[in-house]
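In: fold the following, please.
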Amino acid sequence: MSIDIVCKGRWEIGFYKDGDQCCVADYIASKFNERARAHIYACLDMLAERGRTALNTDMFHSAADGWEIRHNEYLYKMYGFHKGKERLYAILQEDKKIIVFTHGAIKGGQKTAKEDIDKFTEITWKLITEGALP
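Out: Okay, the predicted model is just below:
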């Protein structure tokens, strides 16, 4: 498990990587056309420069009713980037100015699916345990 840094400014923006597979990059490549991909990466650049407030809250906001994980003195929040019905879920850690996108999914309803919360939680703990996150 590791993190591929894709943008770096005042914030670091990364994609979760499991071995040689980068699930988020693969998801973006498979689900979006070239124009949409360019828009997503431009948004990631904006996040790197200004953090979570860089994008409209309709596009990037807290997911799963504010789901978060506490470990030591750090708080890891579940955020979602919205592009149509597609969602890219992320770990937001404000103290260290890190946003790590964990996985993508198609939004099926108003609430974040339990399997997406579980996947976020599993990946977050893996990254903390392996030292990839503080």
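
In: please, where are all the strands along the chain?
Out: In the chain, the segments counted as strands under DSSP state E are 2-8, 12-17, 60-62, 68-71, 74-83, 86-93, 98-106.

In: so which of these is nearest residue 42?
Out: strand 2-8 (10.1 Å; Cβ to Cβ). From N, CA and C alone the C-beta is placed, and that goes for glycine too.

In: list the contacts of that closest one.
Out: 12-17, 22, 25, 41, 44-45, 47-48, 100, 127, 130, 132-133 (Cβ atoms under 8 Å, 6 or more residues apart in numbering).

In: 6 Å instead, please
Out: 12-15, 17, 22, 44-45, 48, 100, 132 (Cβ atoms under 6 Å, 6 or more residues apart in numbering).

In: any idea which residue is closest to the centre of the chain?
Out: residue 90 (1.9 Å; Cα atoms, centre = their mean).

In: dump the residue contacts of that one.
Out: 79, 99, 101.

In: let's go with 7 Å and repeat that
Out: Contacts of residue 90 were listed using Cβ atoms under 7 Å, 6 or more residues apart in numbering, and they are 79, 81, 99-102.

In: ditto for residue 51
Out: When contacts are counted by Cβ under 7 Å, 6+ apart, residue 51 touches 10-11, 97.

In: for residue 30, which of the strands of the chain is the nearest?
Out: strand 98-106 (8.9 Å).

In: which other helices and strands contact the closest one?
Out: Strand 98-106 sits against strand 12-17, helix 23-31, strand 86-93, helix 114-129, with contacts defined as 3 or more Cβ pairs under 7 Å, 6 or more residues apart in numbering; DSSP states H and E.

In: do you know which of the ones you listed lies nearest residue 53?
Out: Of these, nearest to residue 53 by Cβ to Cβ is strand 86-93, at 11.3 Å.

In: next, count neighbours for residue 56.
Out: 10 (other Cβ atoms under 10 Å).

In: lovely, talk soon.
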